[in-house]
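S.K.: After the sequence you'll find the predicted model.
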Amino acid sequence: MPGNQPTRMIWRDITLFDGIATLPAPMGVIVAGERIERVAPMSELDPETLAGCTVMASGGVMTPGLVDCHTHLVFGGSRADEFEQRLEGVSYEEIARRGGGILSTVAATREASEETLFAAARPRLQALIDEGVTTVEIKSGYGLSVADELKMLRVARRLGEALPVRVVTTLLGAHALPPEFKDDSDGYIRLVCEEMIPAAAAEGLADAVDVFCETIAFSVAQCERVFEAAEAHGLPIKAHAEQLSNLGGSAMAARHGALSADHIEYLDEAGVAALREAGSVAVLLPGAFHTLRETKLPPIAALREAGVPMAVATDANPGSSPIFDPTLMLNFACTLFRLTPQEALAGMTAHGARALGLDDRRFSDLALGRIEAGAPADLCLWNVDTPAALAYAVQPGRLRQRVFNGEVTHD
Ligand SMILES: N=CN[C@@H](CCC(=O)O)C(=O)O
Ligand SMILES: [Zn+2]
């Protein structure tokens, strides 16, 4: 289909999940060029309008292209051995303290050339695309030196040029303490602030800056320094916070206007209030919760009550979430976190886009994650009866058509 597709296309008689709510069939969606031109019940589309359109499909469930707003899919090596250790009872934190975990991926990533990293990441990203992802965030964080972090970000950018997907890059220099700074974590934070962030900004390689605020990573004060450096370079911020303990990293990030606080199993009431006040998104990562067999649930009811938007993402990475399947995450978000299927879908569309600043809120006028007139035509048509069925069954292969920026890429 790519190359010779019609200029005006209609999907007719569909059930529509528009990013927030379900509009029952029969709805029609008209795409002209790269944008959505019209979204309306079929009864409101007159014969003249329909006559100028090529019918791409009749029936089915349409959603916005999925937005996976939290991944670490560029990395070297594998951590299958640690998976085995965890099955023998060694905890994620203990593995990290022994110098494994993130640091073992850092060693393999430093070792790998840009080419090797690109070749390894490409099929991982393709797996997400084949299950409906049209926008993906990719973090650095396994380089932990200026050169290696930039190398990772370059690979992420190249992936976005090579494949039909929007790639948003995030510099995660403050992910773990590299061995050469073993006894000098403040020294490493200085490197992140004074060299890494300026270098990534100068080369235009980072769309945002992230930190890992945790007892096994960096303190709230250190993360705040990173945020101040990001702000000085005009880069939006986000945080891995309250994953394994409650340090108050989310509230601090919210005070700095963070796009999102991610993981947040240990988020307390004050943290929920801070996210609400800042308009930050709570990014839920059920893949990590599942893989690490966590027991502390994120405060879903409090977030819901406060009206904090909840996003859902794969967290695809070699350690805590080696899962490259977005629709499985919809299911996990419901079964593990008790989101409704509609909330889970909004989490991987409209709210996922907001967690990246791509919802026309502050950093972009793209309005991704929504099916509405004027928005970029990133769409998925699914072989399911209802939007909820996408979260209900764990069944890859239900994507019938995928439209990226007005181009049909899967048919
Ligand atoms: N929490 C910190 N960072 C990653 C894990 C990375 C890893 O274990 O390699 C996460 O989002 O889960
Ligand atoms: Zn992460």
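M.R.: That came through fine. Ligands and ions are numbered 1, 2, ... in the order given.

S.K.: In contact with Thr134, which residues are there?
M.R.: Contacts for Thr134 were tallied using Cβ atoms under 8 Å, 6 or more residues apart in numbering; they are 64-67, 164-166, 378, 380, 402, 404-405. For glycine as for every other residue, the C-beta is placed from the backbone atoms N, C-alpha and C.

S.K.: Now neighbour count too, for those residues, in JSON lines please.
M.R.: JSON lines is the format used below for the contacts of Thr134 (neighbours: other Cβ atoms under 10 Å):
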{"residue": "Pro64", "neighbour count": "33"}
{"residue": "Gly65", "neighbour count": "27"}
{"residue": "Leu66", "neighbour count": "31"}
{"residue": "Val67", "neighbour count": "33"}
{"residue": "Pro164", "neighbour count": "16"}
{"residue": "Val165", "neighbour count": "22"}
{"residue": "Arg166", "neighbour count": "21"}
{"residue": "Asp378", "neighbour count": "32"}
{"residue": "Cys380", "neighbour count": "26"}
{"residue": "Arg402", "neighbour count": "25"}
{"residue": "Phe404", "neighbour count": "24"}
{"residue": "Asn405", "neighbour count": "16"}
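
S.K.: mind giving me CSV with the residues you listed and columns for distance to Phe75 and secondary structure?
M.R.: Putting the contacts of Thr134 into CSV (distance: Cβ to Cβ, whole Å; DSSP: H, G, I helix; E, B strand; the rest coil) gives the following:
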residue, distance to Phe75, secondary structure
Pro64, 28, strand
Gly65, 24, coil
Leu66, 21, strand
Val67, 21, strand
Pro164, 22, coil
Val165, 18, coil
Arg166, 21, strand
Asp378, 26, coil
Cys380, 27, strand
Arg402, 25, strand
Phe404, 25, strand
Asn405, 27, coil
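
S.K.: And the residues you listed, which is closest to ligand 1?
M.R.: Of all the contacts of Thr134, ligand 1 sits closest to Val67, with 16.9 Å by Cβ to the nearest ligand atom.

S.K.: Relative to ligand 1, how far out is the residue lying closest to that closest one once chain neighbours are set aside?
M.R.: With Cβ to Cβ, 6 or more residues apart in numbering as the measure, Gly352 is the residue that lies nearest to Val67, at 3.4 Å, once sequence neighbours are left out. Between Gly352 and ligand 1 the distance, using Cβ to the nearest ligand atom, to the nearest Å, works out to 15 Å.

S.K.: which ones are touching Gly352?
M.R.: Neighbouring residues of Gly352 by Cβ under 8 Å, 6+ apart: 66-69, 135, 311-313, 369.

S.K.: how near is it to Gln5?
M.R.: Computed with Cβ to Cβ, to the nearest Å, the distance linking Gly352 and Gln5 is 27 Å.

S.K.: cool, Ser320 as well?
M.R.: As judged by Cβ to Cβ, Ser320 and Gln5 stand 40 Å apart.

S.K.: between those two, who's got more neighbours?
M.R.: Under the neighbour definition other Cβ atoms under 10 Å, Ser320 and Gln5 were set side by side, and Ser320 has more, 22 against 15.

S.K.: how about Ser104, secondary structure?
M.R.: Remark: Ser104 carries the secondary structure label helix [criterion: DSSP: H, G, I helix; E, B strand; the rest coil].

S.K.: thinking it is in contact with Ser78, fair?
M.R.: No. Counting by Cβ atoms under 8 Å, Ser104 stays clear of Ser78, with 9.4 Å between them.

S.K.: give me the low-pLDDT residue ranges for the stretch 301-411 of the chain?
M.R.: 361-364 (pLDDT under 70).

S.K.: cutoff 90 now
M.R.: With pLDDT under 90 as the threshold, the stretch 301-411 of the chain has low-confidence stretches at 359-367, 410-411.

S.K.: Point me to the residue of it nearest ligand 1.
M.R.: Here the stretch 301-411 of the chain gets closest to ligand 1 at one residue, Gly319, 2.5 Å apart by Cβ to the nearest ligand atom.

S.K.: For that residue, which non-adjacent residue is closest in space?
M.R.: Using Cβ to Cβ, 6+ apart and skipping the chain neighbours, the partner closest in space to Gly319 is Arg79 (5.1 Å).

S.K.: Near that neighbour, how many other residues are there?
M.R.: Other residues within reach of Arg79, judged by other Cβ under 10 Å, total 22.

S.K.: That one touches Ser321, doesn't it?
M.R.: No. With contacts defined as Cβ under 8 Å, Arg79 does not count as touching Ser321, sitting 11.0 Å away.

S.K.: Let me see the contact set for the residue sitting nearest the centre point of the chain.
M.R.: For the chain, the residue sitting closest to the mean C-alpha position, by Cα atoms, centre = their mean, is Cys69 at 1.4 Å. Contact analysis of Cys69 by Cβ under 8 Å, 6+ apart lists 135, 137, 168, 260, 281, 283, 311, 313, 352-353, 355-356.

S.K.: For Phe83, see how far away it is.
M.R.: In this view, Cys69 and Phe83 are 25 Å apart by Cβ to Cβ.

S.K.: Where does pLDDT dip in this structure?
M.R.: Applying pLDDT under 90 to the chain flags residues 1-7, 24-25, 51-52, 92-93, 96-100, 359-367, 410-411.

S.K.: what does it put close to ligand 1?
M.R.: Taking Cβ under 6 Å from any ligand atom, the part of the chain that reaches ligand 1 is made up of 72, 101-102, 105, 212, 240, 243, 288, 315, 317-321.
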